[in-house]
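Q: Coordinates only, no sequence provided:
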């Protein structure tokens, strides 16, 4: 038997033009993203080179890259980056998981939700940095305190965002499932949780940024290693190159986490734009 040849789908001319325009728009956007970054670094370098800006106070791209190279050679680049990344990932995971479960429990029991909702709002408005000394007394100085700071910053956002998503599910759909004798557990797993997946991905994207804020704030308070520690140390000895290099590395690490979350967003929301 002869193998059946695969026929290419025939798209209309308008569809082909539409796809071509999408590819062109994507190329233009990516080009200008790179252009803006390169232009910013170039202007920064020129301003410091011609002493319009004092590199002692603002550093410069060349000095920052040289500092990163020095850290790569002496081993501190990976060591301190891993410490902060580890703390951030642990705090991010705990806050997201625990916050999600608490949001489910609050959705499940309306009376419990009405009792605790005001306290959650108050906790969200509380400056977490003010709890720094208390956190150190509770769990001691070091990684535990940093992770707890990260969790406290992210968990309330997770609870409030996910609870709002659960409550936003159409009442008509819930009534329809009840009319079909669906249990509350079935409504939760068959309707509420799947419907809230886009919001969950949005929470992940928010928590990526907030978890880095939490870990750096924790390292400001108590740490002997990590990017936050290097930023504080660099400020104390007036070495702005170290401060800016550590900040740039933090941006790269945060972008990496955000990229992985954006891949998850494309899975659950194919129409999402990167």
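A: Now that the structure is in, tell me what you want to look at. Note that the structure is a prediction, hence the values are computed from the model and not measured.

Q: Okay, now the unreliable bits of this structure?
A: Regions of the chain meeting the criterion pLDDT under 70 cover residues 1-11, 15, 267-274.

Q: Against residue 153, how distant is the most centrally placed residue in it?
A: By CA atoms, centre = their mean, the mean C-alpha position of the chain lies nearest to residue 208, the distance being 1.4 Å. According to CB to CB, to the nearest Å, residue 208 and residue 153 sit 12 Å apart. C-betas here are computed from N, CA, C, even on glycine.

Q: Which secondary structure element is home to the residue nearest to the centre of the chain?
A: Assigned by DSSP states H and E, residue 208 belongs to helix 197-221.

Q: buried residues in that helix?
A: 200-205, 207-208, 210-221 (16 or more other CB atoms under 10 Å).

Q: Show me the protein divided up by domain.
A: 16-53, 76-268 (automatic domain parsing).

Q: As JSON lines, these with distance to residue 70 would be great.
A: Shown next, in JSON lines, are the domains of the chain (distance: least, CB to CB, whole Å):
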{"stretch": "domain 16-53", "distance to residue 70": "18"}
{"stretch": "domain 76-268", "distance to residue 70": "8"}
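
Q: closest one to residue 63 among those?
A: Among the domains of the chain, the nearest to residue 63 by CB to CB is domain 76-268 (4.8 Å).

Q: Check the burial of residue 76 by counting its neighbours.
A: Residue 76: 15 surrounding residues under other CB atoms under 10 Å.

Q: what's the helix or strand for the closest residue to it other than its chain neighbours?
A: Of all residues not flanking residue 76 in the chain, residue 230 sits nearest, at 7.8 Å (CB to CB, 6 or more residues apart in numbering). Secondary structure assigned from DSSP H and E places residue 230 in helix 227-236.

Q: Contacts for that helix, please.
A: Applying CB atoms under 8 Å, 6 or more residues apart in numbering, the external contacts of helix 227-236 come out as 76, 80-81, 83-84, 215-220, 223, 240-243, 246-247, 249-250, 253.

Q: can we see that at 6 Å?
A: Outside helix 227-236, the residues within contact range by CB atoms under 6 Å, 6 or more residues apart in numbering are 80, 84, 216, 219-220, 223, 242-243, 246, 250.

Q: Which of those fall within helices?
A: 80, 84, 216, 219-220, 242-243, 246, 250 (DSSP state H).

Q: I'd like to know which of those residues is nearest to residue 92.
A: For the ones in helices among the contacts of helix 227-236, the nearest to residue 92 is residue 84 (11.9 Å; CB to CB).

Q: quick one on the thing from earlier: as TSV, the contacts of helix 227-236 with distance to residue 53 would be great.
A: Formatted as TSV, these follow (distance: CB to CB, whole Å):
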residue	distance to residue 53
80	27
84	28
216	25
219	28
220	26
223	30
242	18
243	15
246	20
250	22
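
Q: who wins for neighbours among the residues you listed?
A: Top of the contacts of helix 227-236 by neighbour count (other CB under 10 Å): residue 246, with 29 neighbours.

Q: how near is that one to residue 50?
A: 26 Å.

Q: again, but for residue 260
A: Residue 260 is 40 Å from residue 50, by CB to CB.

Q: Kindly report the same for residue 160.
A: 49 Å.

Q: Those two: which has the busier surroundings?
A: Regarding residue 160 and residue 50, a neighbour count based on other CB under 10 Å identifies residue 160 as having more, with 19 against 8.

Q: what about that one, helix or strand, and which?
A: Per DSSP H and E: helix 143-167 holds residue 160.

Q: how about the helices in the stretch 1-150 of the chain?
A: Remark: helices assigned in the stretch 1-150 of the chain by DSSP state H, counting those that start in this stretch are 13-49, 55-58, 61-74, 76-108, 110-125, 132-139, 143-167.
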